[in-house]
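J.: any chance you could fold what I've pasted below:
(chains A, B, C and D)
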There are 4 protein chains.
Amino acid sequence: MEELKLTSLSGKNKTVVETGPLRIGAGFTVIAGPCSVESEIQLLTIARAVKEAGADALRGGAFKPRTSPYSFQGLGLKGLKILEKAKRETGLPIVTEVLDPRDVSWVSEFVDILQVGARNMQNFSLLKEVGKGYRPVLLKRGMHSTLEEWLNSAEYILSAGNPNVILCERGIRTFEVYTRNTLDLSAVPAIRELTHLPIIVDPTHGTGRVSLIESMSLAATAAGADGLIVEVHHNPKEALSDKAQALLPEAFNRMVRKVRTVRACLESLS
Amino acid sequence: MEELKLTSLSGKNKTVVETGPLRIGAGFTVIAGPCSVESEIQLLTIARAVKEAGADALRGGAFKPRTSPYSFQGLGLKGLKILEKAKRETGLPIVTEVLDPRDVSWVSEFVDILQVGARNMQNFSLLKEVGKGYRPVLLKRGMHSTLEEWLNSAEYILSAGNPNVILCERGIRTFEVYTRNTLDLSAVPAIRELTHLPIIVDPTHGTGRVSLIESMSLAATAAGADGLIVEVHHNPKEALSDKAQALLPEAFNRMVRKVRTVRACLESLS
Amino acid sequence: MEELKLTSLSGKNKTVVETGPLRIGAGFTVIAGPCSVESEIQLLTIARAVKEAGADALRGGAFKPRTSPYSFQGLGLKGLKILEKAKRETGLPIVTEVLDPRDVSWVSEFVDILQVGARNMQNFSLLKEVGKGYRPVLLKRGMHSTLEEWLNSAEYILSAGNPNVILCERGIRTFEVYTRNTLDLSAVPAIRELTHLPIIVDPTHGTGRVSLIESMSLAATAAGADGLIVEVHHNPKEALSDKAQALLPEAFNRMVRKVRTVRACLESLS
Amino acid sequence: MEELKLTSLSGKNKTVVETGPLRIGAGFTVIAGPCSVESEIQLLTIARAVKEAGADALRGGAFKPRTSPYSFQGLGLKGLKILEKAKRETGLPIVTEVLDPRDVSWVSEFVDILQVGARNMQNFSLLKEVGKGYRPVLLKRGMHSTLEEWLNSAEYILSAGNPNVILCERGIRTFEVYTRNTLDLSAVPAIRELTHLPIIVDPTHGTGRVSLIESMSLAATAAGADGLIVEVHHNPKEALSDKAQALLPEAFNRMVRKVRTVRACLESLS
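T.: Modelled structure (predicted):
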């Protein structure tokens, strides 16, 4: 990992990514929302619910990287406008995925944090483009990526000029079939010893099963993560994507309370 | 998972494996000790240290499954006698691995719990033999095994007559090279919803890196594990096996305190 | 791979494993037969068919390593007697799997080659026992095993005194679900440059799909394998194990002809 | 695999991708050249050598997807001009990788086939863009991708209007470390039974070891591939990327002869 000039820890201070009220890397940040923005009423309903449950930021996809070209591809600009409206109403900063380098600049005008998804972790054109941008970047780990490759992808962003990268572990692909992916929580302390960048965990894609999300959120917190990103939907069965893995607002609410209690307990220990 | 007649949850009460003072599955059980029994002085030194740090049982290998035939293969009977002595002195119940069906019966006279290691998870002769025995069995997950296969291996033991099986997640093999294995903590809540058997976690083999063990122990606890099994050595550099991954007694002591605090915090939540 | 004293190539001559008319490692050896011995009539029917198609040896399991304790576990001694009878009638040497160190000695009296299966590749008690025996050993690669671990398992057998080891690539476990395993044919030339032991390929377990077996047999041959081991059944739908992957005798016959043609073509090239 | 309307086989005729003198999917196509275009003299030297050895097309990267931002990123436009010159001199059609949707249109004016690399197999913006283009697309399998995902990525291209897709198996990521990837040759017959698109194999990235390439090329041919894409360099040690895996022209020459002989042998069989 010799070439990680900007990303490696080597004596640097821990990075705190600041945007609006958020300070990711200081304290514990919970990002929540639906997989996709489907409609104004859907997003606002969920935004209010997660705000009330104590979320710090709102996620929602306007551009969806779908395996099949015939699956719902997201609302695009219309989705971004809905996200903007939800921010106006709830005050929650917005996280949304960007798929195409041509979209980076104009999407940045609508949202607070740009997500680079697992499938694009080595889309180097996209990395360079978000690296030239001014918005913080949530960089998900590729489902097949080593820690070293992941940090090299962060280095692409940092070396292009953008210091605000948040890493996100979201599960790797293994032979196990009970879970959608295998959430690699050892990545949390490992990343801690390798880099100064904050790391959050996505238990939703990491497991693909609603019933496992609370436990894995607690585990991620105890492993030392700087936060979570979780899918929440008020009506998962009708969701246009990722039906099987979104928490109901009530379950999310309960989970946030537990997670914050465990986090406080851990802070009292060290 | 239709054929898991005895192992599946389906309305059964959670199993509590009792042996001597241990009640695995009720409360939180910490098993600790060296990878291998190397000498009387080594084992007794470590046994006293882990006892003092709050361990509930002592682990130590007398038969070692080593990749190379030229690596240290364990002290065998001599090792068992040392384990017996450590039990006499500290009162800690003993966990040791058994590799060969021919050893099950006589090794059972020396120890309290028989471990079936990851490499033997589908050694069906061994499973049948420990299933006919009277000692509780700690069944590690194979490094390539699905949850379904693992539970089928437990079913071999239960269907042979022995109801006392403790499952142990110890990491699966993936492409990641920073860690020795990828500890699959989602197995903890997944196993919870599939079976009534208790499940503990081995963060030592699961990561292969001393620096990650405390974090992963806390994470395993928060994920809902019934306990931990951890390698501890007072002089890891001189250890005859697994040099790079044993905790020093002081680090183990600190970890146990933190783990018990997090466990108490979680119990207060539910 | 420093510790592979006996297994490493390092200037040694290629091993030819001889038993009866077989010379594995010189020429191209085809081993075929059912997954399990089910009855005398089943085995004899298949034995005659594979003999006619040009097989060099007969495989058939009398002890079956099954994931579930409730699956057919093999006919045991009765199966061995049927194998012995098939040998008497067809002259084909017999390959059968052995699962338990206690069975090595007496099973050796019935068969010509002992197979150590993928799940037992690191069953070190079994490796030592077949290493002390006088029968050649067909050592399958574990589904999670690196080449280095595999060769270390061979070293267990060689260092116990038995020089007659045949390696068998049978597919490793990956994320792919279309095939049962991923057949790693690069293992063939890799093993060639690492060791003097012969290597054969099992396309049946390697793919788990009848429709892929001929192609993969041809590929294995072109990769330089010393032979193949293939499941054949005259009535796959009624088979007691591995229904979905056994070739019909006609298909096997056609495959053998093609494989031998490709092999001859390759020999003319070098 | 229900949604593969255009990509699935279901009674369609096999696709032959035609461009200039090439007819990929009819006969056997060998594509060769350096990993990266480094200079005019380097590329021309290699182009002449592979032409003489019987290659049908020339590969060479002008845009390189490198793990680290500090590694050689390719010569860009200058590289394309050199490729164009090599085509003029040798008559070989040109295959080059494109990384960014913004490059698709202008790069198409310089080359004959656009490659979408493994890391971009699910870069859906890029897939849509090459799907709108007029150049055939060589679509590599992602190192973590199932066959179903791969064919869905092809469906993105076909559904955008471009019917000329060539699939390329290049190895998947597993736990094995001796090889850089695990070349999944069962993908060749599997893809055959799932789709009408041609499939070629990349033994260079599939193994990452010069010593294994000839064997795996022969195996790919025997498995039924429609061709090969191989890295060749006249001075591998000085190469700016992938030093350890490029064949020397002489070795490539020998390999092509053998491969064509095996191919002819196979054609005589069916």
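
J.: low-confidence ranges in chain A?
T.: Along chain A, no part satisfies pLDDT under 70.

J.: what does it have sitting close to chain C?
T.: Proximity of chain A to chain C, by CB under 8 Å from any CB of the partner chain, involves residues A:Arg173, A:Thr174, A:Phe175, A:Val177. Heads up, the C-betas are built off the backbone N, CA and C, glycines and all.

J.: filter the residues you listed to the buried ones?
T.: A:Arg173, A:Thr174, A:Phe175 (16 or more other CB atoms under 10 Å in any protein chain shown).

J.: near chain B, from those residues?
T.: A:Thr174, A:Phe175.

J.: show me the residue at the heart of chain A, geometrically.
T.: Note on chain A: the residue nearest the mean C-alpha position is A:Ile229, at 4.7 Å, using CA atoms, centre = their mean.

J.: show me where the stretch 101-250 of chain A has its strands.
T.: Using DSSP state E, counting those that start in this stretch, the strands of the stretch 101-250 of chain A run over A:113-116, A:137-140, A:165-169, A:199-201, A:227-231.

J.: in the fourth one, which residues are buried?
T.: Buried residues in strand A:199-201, counting neighbours by 16+ other CB under 10 Å, are found at A:Ile199, A:Ile200, A:Val201.

J.: ok, so of those residues, who is nearest chain C?
T.: When these are ranked by distance to chain C (CB to the nearest CB), A:Val201 comes first, at 21.0 Å.

J.: find the nearest non-adjacent residue to the closest one, please.
T.: Distances taken as CB to CB, 6 or more residues apart in numbering or on different chains place A:Ala220 nearest to A:Val201, at 3.7 Å, with adjacent residues excluded.

J.: if I look at the one you found, how far off is C:Ile191?
T.: 41 Å (CB to CB, to the nearest Å).

J.: same drill for the two, tell me which one is more crowded.
T.: A count of neighbours by other CB atoms under 10 Å in any protein chain shown puts A:Ala220 above the other of A:Ala220 and C:Ile191, at 30 against 25.

J.: identify the residues contacting A:Ala190.
T.: For A:Ala190, the contact set (CB atoms under 8 Å, 6 or more residues apart in numbering or on different chains) comprises A:Leu147, B:Tyr178, B:Thr179, B:Arg209, B:Leu212.

J.: would you mind listing what in the stretch 1-150 of chain A touches chain B?
T.: Residues of the stretch 1-150 of chain A lying near chain B (CB under 8 Å from any CB): A:His144, A:Thr146, A:Leu147, A:Glu148.

J.: ok, now with 6 Å
T.: A:Thr146, A:Leu147 (CB under 6 Å from any CB of the partner chain).

J.: quick one: the helices in the stretch 1-150 of chain A, in order.
T.: Secondary structure of the stretch 1-150 of chain A (DSSP state H, counting those that start in this stretch): helices at A:40-52, A:77-90, A:104-107, A:124-132, A:147-159.

J.: dump these to TSV, plus distance to B:Ser36 and mean neighbour count.
T.: Shown next, in TSV, are the helices of the stretch 1-150 of chain A (distance: least, CB to CB, whole Å; neighbours: other CB atoms under 10 Å in any protein chain shown):
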stretch	distance to B:Ser36	mean neighbour count
helix A:40-52	51	19
helix A:77-90	57	18
helix A:104-107	55	18
helix A:124-132	46	25
helix A:147-159	30	24
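
J.: just to check, A:Leu99 is in contact with A:Phe63?
T.: Yes: look at A:Leu99 against A:Phe63 with CB atoms under 6 Å: they come within range, at 4.9 Å.

J.: which of those two has more residues huddled nearby?
T.: Under the criterion of other CB under 10 Å, the comparison of A:Leu99 against A:Phe63 puts A:Leu99 first, with 29 against 25.

J.: which residues are in contact with the more buried one?
T.: A:Phe63, A:Pro65, D:Ser125 (CB atoms under 6 Å, 6 or more residues apart in numbering or on different chains).

J.: hang on, the earlier thing: beta partners of the residue nearest to the centre of chain A?
T.: Bridge pairing for A:Ile229 (DSSP bridges) gives the partners A:Ile31.

J.: list the contacts for it?
T.: A:Ile31, A:Arg59, A:Ile200, A:Asp202.

J.: can you tell me how far the residue nearest to A:Ala49 when sequence neighbours are not counted is from A:Gln42?
T.: In this structure, A:Ala49 finds its nearest non-sequential neighbour in A:Pro249, 3.7 Å apart by CB to CB, 6+ apart. Distance, A:Pro249 to A:Gln42, using CB to CB: 12 Å.

J.: do A:Ile229 as well
T.: Distance from A:Ile229 to A:Gln42, by CB to CB: 18 Å.

J.: do the same with A:Met1
T.: 42 Å.

J.: again with A:Val210
T.: Counting by CB to CB - A:Val210 and A:Gln42 are separated by 18 Å.

J.: with A:Phe124 instead?
T.: In terms of CB to CB, A:Phe124 sits 34 Å off from A:Gln42.

J.: residue in the stretch 51-200 of chain A nearest to chain D?
T.: For the stretch 51-200 of chain A, CB to the nearest CB, closest residue to chain D: A:His144, 3.1 Å.
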